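Peer 1: just a sequence and a predicted model for now, questions to come.
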Amino acid sequence: MKIIMSGNEAIARGAYECGATFASGYPGTPSTEILEEFAKYEGVYAEWSPNEKVGLEVAIGAAMAGARAMAVMKHVGVNVAADPLFTASYTGTNGALVIITADDPSLHSSQNEQDNRNYAKFAKIPMLEPSDSEEARIFIKKAFEISETFDTPVFLRTTTRVSHSKSIVEPEEPVKPEKRVVERLDPSKYVMVPFNARNRRIVVEERTKKLQKYAETFSENRLEWNDRKAGIITAGMTYNYAKDVFPAYSYLKLGMVHPLPEGLIREFARGVRKLYVVEELDPFIEEHIRAMGIKVVGKSVFPYTNEFDPGVVEESIKGRPVRSVGPQNLNIPPRPPNLCPGCPHRGLFYVLGKMKVFVTGDIGCYTLSFMKPLEGLHSCICMGASIGTAHGISKALREKGKGKVVGVLGDSTFIHSGITSLLNTAYNKSDVVIIIADNSTTAMTGMQHHPGTGTTLQGNMTATLDFEILAKGLGIESIRIIDPYDLKNTRSVMKEELSRPGPSLVISRAPCVLLLSKTTLRKKTFRIDEEKCTGCKACLGLGCPPISWHRFPEGSERTVPGKTKKQEGMATIDSAFCTGCTLCQQLCGFKAIVESGEVS
Amino acid sequence: MKNTTKTILLAGVGGQGILRASDILSMALMASGFDVKKSEVHGMAQRGGCVTSHVRYGEKVYSPIAKKGSVDILLSFEKLETLRYLNYMKPGARIILNEEELFPPSVNLGEADYPKDVVETTKKYFKNILSINATALAFQAGNIRTANTVMIGVVSRYMDVTLKTWGEILNDAFPKKLIAVNMTAFELGRSA
C-alpha cells in the first residue's frame, strides 16, 4: 500500500518497522513530529525528556540494556546533548542507538544554521542522510543495523525540507529483531575513566576504519552513470534539487556522509570531465575530496548560507540567474509571524517594553515580542540563556544595574535549561528579576507536554513540577505570581520586585490561548465605539492582530470627540478574531472599547 | 530526459487551511497514479505569517519545491499574497486568486496601504487569471471554513484527476458530518 508521509512520519514508521522500542527527545522544529508519531505505535516506549542531554542519556541506557533506541532532536539540541554524545562514541552501544539530528538550513525556525555533519566527524560517529520520505523510512532501519553491527551510535541527519516534505512511502510490516540481553555491563567498555577510555579511543579509530571499508559497498552510496560531461556528488535533499534541473548528468549519491567512501569518490571523479559537489551549508564533502587531491567545484560557485532549491543549483552551475517573467521587486507589505490574538505573553511584554530595563529573552513564541510595537525583549541566545545573561549583565553593571535587569523564559524552556542558572542567581546573588512566562505547555513547537504539565508524551498522568517550591529550594527568597492579563498589577509587581535587592522570581501564569476551548475563550468579544474613539492609537501598541487603524477618507476627517483637535482616523476590532482578553480595553483612555453587542 | 513535473503553488496566510488543502491535492494526485511530492515550512508559520505549499506531480518527481519561473498554477488564498509569488510562475502560468483580504501588521498599524491593484498588476505579467470570492462561496455552501475546499474545487478543473477520484478523496478527508458541506463547496468552486 502506498501512503503519503512526511520525512518525520516516515522515520517514525521505519523505526517501528525494524523493532525499535524506545525513543526519547525534546521538541524542536523541524524534528518534533518524529517522536510524536513514534509514540503512537503499539508496544513502544517514548518520552519527552526535559532536555536533549537527558534524552540522549536515557537512550544510551536503553541501548546498553539491549534495546533499539532512538534519541530525537533538532540541530541545536545536539549541542545540549554533546557531552554524553562524545563519550557514547567510545563506549559503543550493545543494542542500537540512533541519534536523529534535524538541521534547519535557512533558519526557518532556529537561532542558528549550524551544519551537524560536523558532529559526525567530530564525535567519530557514522551519519546517514536520506533525501525523501521513503529513504527516511529505509535509512533509519539501516542506521539501527549499522549501530548493532559496528557497536556505535549512528546519526541520521535530516534537514527541514526532508523532515517536512511529503512523498510516497510503501510501509512494510514490523519485524522483531533478536533480543540482545545484557547480564552485566563490562566495566572496561562502559566505565570511562582515563585508563579504560584510552583503550576505547583505539577501538573507535579501528571502528572508523571498518566503517570506511563498509561505506565503499553500502547500498545507499549509489553511482548513477549518465552523461559524463559533468558529475555531481551530493547527499540528502540537494540530490533532488540537482536531479530536477540536471537530470542528464552523472551522480554519486551518498546515503552515508560520514565516513566517506574514498574509493567510490575516486572512481566517480575519474569517470567525469567536470566534478561538482552540491551541498548546503558547510563544504563538508568538498573539503574531504580536496584533501584527497581531487579537483572539484563546490563553494566557489554555490552559496554557504540558506537552503538551496533547484533554481539555486541551476544558477550556481550555469553562472546566470534562472529565467522568470514575473516581477522581481514589488513593494509588498511583509507578513511577519505574530503572537496569537489573546496570547498571555502580550500583556507581560507590553509592560516590560514600557519599562526602562534590560530584558534578556529566550527561545519560545514570546521571542517574537522583540518586534514592534511591543519591543519588550532585547536578547535571545539559546535555550535557558536568559537567566545566565541577566545575571552577567547585573554583575557587570554592579550598582548601576540595580532595578534594571530582567530575564524572561517560558515554562518548558525553564525546565529545559533554566533551573541550574536560576540556582546560580541565588547562589551568587545578583539583582535580577527572573520571569517564568508559564503558559502550561511547549507552545512554539505545537503544544507538547513537559514535567510541569502533569502528563507524559504517551498520555499518562504523572508528577507535576511545582515552580514555587523548586525556586524556594534553590534559594530564591521572593517569589510572586501574576496574571499577565492584568496590566496594572503586572506593572506594580514588576516595580516592587525590581526595587528589591537580590534575585526574585515572578511567575506570569496563564495558559496558552491555543490550549483553551473556543467557548471558554470568547465569552465576550470587543468592538470600538465609533463615537468615543479618538484615533489615539494606544491600543495599537499591543500589536494584537484583530486591532487595526484606518485613516478617514480625505475630506471626511472629524474633530476628536470633546476636543478641537483634528482626528485623522480610527481603530477597529475584527470581532471574528477577538478572544476577549481585555488588554486593549485596559489601555483605552476614552472608554471607546466596549463589548460586542453592548449598546453604548 | 525532459523534466515533465508539474507544480501547483498554494499561497496564503497561516490559518487559512492551506496545508490541509495541499494534503488533499496530493492524495488525489497519488490516487490518480502520479508520483507526488509536496513541501511547506511549518513552525513559525502558525502564528499569522505567510504560508506556501508546493505540490509537484508527474511520472517521477525529484524536488519537492519548484524553482522560480517554473510553476504551472498559483492557487492564492489571499489577494495580496498573489503578488509575493509571481516570480515563481512560468510564462503563461495560470493564476487563481481568492479575493479575501487579510491585512498584514504594517497595514493594521496604518504604516502601509493594502495594495489596491493586485489583479491589474498580475495582468501585466500573466493573462490567465481567475479571481473568485472563495469566502462568499464557502458561506453559500453553508460553512465559511470550507473556503479551502472551494479553492480545491477551482483548481480541480486543471488537474488530471477524475470526478470519481475527487469524490472518494473528499469523502475520506473529512469527518462524516462535514462531508456534504465540503462536497457542495467543492462543486461551487469547480463551477465558479
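Peer 2: Thanks, I have the structure now. Numbering: from 1, shown residues only, chains lettered A, B, ... in the order given.

Peer 1: right, and the helix or strand after the helix or strand of chain B with the lowest mean pLDDT?
Peer 2: Ranked by mean pLDDT, DSSP states H and E, the helix or strand of chain B with the weakest confidence is helix B:105-108, at a mean of 85. Scanning forward in sequence from helix B:105-108 by DSSP states H and E, the next helix or strand is helix B:118-125.

Peer 1: contact partners of that next one?
Peer 2: For helix B:118-125, the surrounding residues in contact (CB atoms under 8 Å, 6 or more residues apart in numbering or on different chains) are A:325-327, A:330, B:79-80, B:82-83, B:86, B:89, B:95, B:97, B:115, B:129, B:131. Bear in mind the C-beta positions are built from the backbone N, C-alpha and C, glycine included.

Peer 1: let's go with 7 Å and repeat that
Peer 2: A:Val325, A:Gly326, A:Pro327, B:Lys79, B:Leu80, B:Thr82, B:Leu83, B:Leu86, B:Ile95, B:Ile129, B:Ser131 (CB atoms under 7 Å, 6 or more residues apart in numbering or on different chains).

Peer 1: check contacts around the nearest residue to the third one once chain neighbours are set aside.
Peer 2: Counting by CB to CB, 6 or more residues apart in numbering or on different chains, B:Leu86 is the residue found nearest to A:Pro327 once chain neighbours are left out, at 5.7 Å. When the contact criterion is CB under 7 Å, 6+ apart, the partners of B:Leu86 are A:Gly326, A:Pro327, B:Thr122, B:Tyr125.

Peer 1: show me which of the residues you listed is closest to B:Ala136.
Peer 2: B:Thr122 (20.2 Å; CB to CB).

Peer 1: neighbours around that closest one, how many?
Peer 2: 24 (other CB atoms under 10 Å in any protein chain shown).

Peer 1: circling back to that earlier point, most neighbours among the contacts of helix B:118-125, which one?
Peer 2: That'd be B:Thr82 among the contacts of helix B:118-125, by other CB under 10 Å, with 28 neighbours.

Peer 1: for that residue, which non-adjacent residue is closest in space?
Peer 2: B:Ser76 (4.1 Å).

Peer 1: for the one you found, name its beta-bridge partners.
Peer 2: B:Ala11, B:Leu97 (DSSP bridges).

Peer 1: got the buried residues for stretch A:3-14?
Peer 2: Buried residues in stretch A:3-14, defined by neighbour count with 16 or more other CB atoms under 10 Å in any protein chain shown: A:Ile4, A:Met5, A:Ser6, A:Gly7, A:Asn8, A:Glu9, A:Ala10, A:Ile11, A:Ala12, A:Arg13, A:Gly14.

Peer 1: A:Ala592 versus A:Arg527, what's the distance?
Peer 2: 10 Å (CB to CB, to the nearest Å).

Peer 1: looking at those two, which is more packed in?
Peer 2: Using other CB under 10 Å as the criterion, A:Arg527 and A:Ala592 rank with A:Ala592 on top: 24 against 19.

Peer 1: quick check, that one in contact with A:Glu530.
Peer 2: No - contact criterion CB atoms under 7 Å: A:Ala592 and A:Glu530 do not qualify, at 8.2 Å.

Peer 1: report the secondary structure state of the closest residue to A:Arg323 other than its chain neighbours.
Peer 2: Closest residue in space to A:Arg323, ignoring its immediate chain neighbours: B:Gly69 at 5.1 Å, by CB to CB, 6+ apart. Under the three-state scheme (DSSP: H, G, I helix; E, B strand; the rest coil), B:Gly69 adopts coil.

Peer 1: spit out the contact partners of B:Gly69.
Peer 2: Going by CB under 7 Å, 6+ apart, the list of residues near B:Gly69 reads A:Val322, A:Arg323, A:Ser324, A:Val325, B:Lys90.

Peer 1: what's it sitting at in phi/psi?
Peer 2: B:Gly69 adopts backbone torsions of phi 70, psi 20, taken as degrees, to the nearest 10.

Peer 1: can you tell me how far it is from A:His416?
Peer 2: From B:Gly69 to A:His416 the distance is 43 Å (CB to CB).

Peer 1: and the contacts of stretch B:143-157?
Peer 2: Contacts for stretch B:143-157 (CB under 7 Å, 6+ apart): B:8, B:16-18, B:20-21, B:24-25, B:73, B:75, B:77, B:96, B:98, B:130, B:132, B:134-135, B:137-138, B:166, B:181-182, B:185-190, B:192.

Peer 1: and if we set it to 6 Å?
Peer 2: For stretch B:143-157, contacts defined as CB atoms under 6 Å, 6 or more residues apart in numbering or on different chains pick out B:17, B:21, B:24, B:75, B:96, B:134-135, B:137-138, B:166, B:181-182, B:185-186, B:188-190, B:192.

Peer 1: weed out the non-buried ones from those residues.
Peer 2: B:17, B:21, B:24, B:75, B:96, B:134-135, B:137-138, B:166, B:181-182, B:185-186, B:188-190, B:192.

Peer 1: now intersect those residues with the strands, please.
Peer 2: B:Leu75, B:Ile96 (DSSP state E).

Peer 1: just the buried ones among the contacts of stretch B:143-157: which are in helices?
Peer 2: In helices, judged by DSSP state H, the following of those are found: B:21, B:24, B:134-135, B:137-138, B:166, B:181-182, B:185-186, B:188-190.

Peer 1: looking at pLDDT only, which of those residues scores worst?
Peer 2: Lowest pLDDT among those: B:Thr135, with 93.

Peer 1: wait, that one touches B:Glu100, no?
Peer 2: Yes - B:Thr135 lies in contact with B:Glu100 (CB atoms under 6 Å); the separation is 4.8 Å.

Peer 1: show the low-confidence segments of the chain, by residue range.
Peer 2: Since you didn't name a chain, this refers to chain A. Low-confidence segments of chain A (pLDDT under 70): A:518-522, A:597-600.

Peer 1: chain B was what I was after
Peer 2: The model of chain B has pLDDT under 70 over residues B:1-3, B:41-48.
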